[in-house]
Structures are given as structure tokens and as C-alpha cells.
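Participant: here are the coordinates; sequence isn't available:
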């Protein structure tokens, strides 16, 4: 795939990846007290596998027409963004919110699993699309580092209050 034919999947991977990794958690964080998040929230044990399977299916569907889900890809990519809401609610929402160690584990566990479909794209010869997905998912790693950093500082502050 070259030139303009490759631009579509690359653009699609980048937009979907950034929507999932940055836009959705930012939107939830900014509006976390809204009652809609309470109603939509799933426990992490359901949200993570649901999102991982849908994300992998849609990402790998870009690798070839034979594997493509029926209907326009835009609908499937929108479904991934909606599933990302379920993925992020245990991290930045209020209901079913994980503890700090749980949020760290959840995010660190999800990072390589979210990159596996992009590795599949690269193996299928769609290097640019796969790399676009990997790069656009980097905010998940930044979120994991942020959660870890805040947890460390909260533990230090708690220990200082206890001993000081």
C-alpha cells in the first residue's frame, strides 16, 4: 500500500487511538460527577476484556478486507471509542473505581495487550498503520505513570502524617 491508499488506515488508526487514549479519559475526568457515568460504569473485570476484544477485532480488521467486520469501518471505530468509555471508567470515573494499586495494575496490564493488534498490523505489512496505533496509544502509558506517581506521593504523605 502506498501514497493515498495508505493514508486512510494510518489516519484512521491515529484518530481512533488518540480518541481512545486521550479524548475519552479527558472527557470522563472533566465530567466524572455526571450521573451518566454512574449508569454506564462496568466493573474492571468486565470492562477490560470487552474493550480489549473489540479493540483487537477492529484494529486487525484494517489488515485485510477478508477480516473486515460488515458495514463501514467508521461504525466499528465508533464502537471502539464507546467501549473505551467502559475501559476508562474504572480508572477515572467514580463508580467501580479501582484503588490506586488496582488502577496501576489495570493500566500497566492493558498497555501491551492494546499494542498487540498493532503488532499484528505491522506483521501483515501495514507498518504505518500499526505504528500510528502504537504511537497514538502512548497516553495510556502516561496515564499509568501519572496514577503511579500520585499513588507514591499519597503513600508518602500518609506515612509522614503517621510518623510526623
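Facilitator: Looks like it came in fine. Keep in mind that what you see is a predicted model, and the values were worked out from it rather than measured.
Participant: Start and end of stretch 21-33, how far apart?
Facilitator: End-to-end distance of stretch 21-33: 20 Å, with CA to CA, to the nearest Å as the criterion.
Participant: Is residue 113 in a helix, a strand, or coil?
Facilitator: The three-state label for residue 113, taken from DSSP: H, G, I helix; E, B strand; the rest coil, comes out as helix.
Participant: Next, the contact list for it, please.
Facilitator: By CB atoms under 8 Å, 6 or more residues apart in numbering, residue 113 lies in contact with residue 52. To be clear about C-beta, it is placed using only N, CA and C from the backbone, and glycine gets the same treatment.
Participant: buried ones in the lengthiest helix in the chain?
Facilitator: Ranked by residue count and defined by DSSP state H, the top helix of the chain is helix 138-163. Counting neighbours by 16 or more other CB atoms under 10 Å, one finds that the buried residues in helix 138-163 are 139-141, 143-144, 147-148.
Participant: Need the max-distance pair from the residues you listed.
Facilitator: 139 and 148 (14.6 Å; CB to CB).
Participant: and residue 35, what does it touch?
Facilitator: Residue 35 makes no contacts at all, as judged by CB under 8 Å, 6+ apart.
Participant: any idea how far it lies from residue 79?
Facilitator: Applying CB to CB, to the nearest Å, the value for residue 35 to residue 79 is 23 Å.
Participant: If you average the pLDDT over stretch 91-98, what comes out?
Facilitator: The average pLDDT within stretch 91-98 is 94.
Participant: Pull up the distance across that stretch, start to finish.
Facilitator: End-to-end distance of stretch 91-98 (CA to CA): 6 Å.
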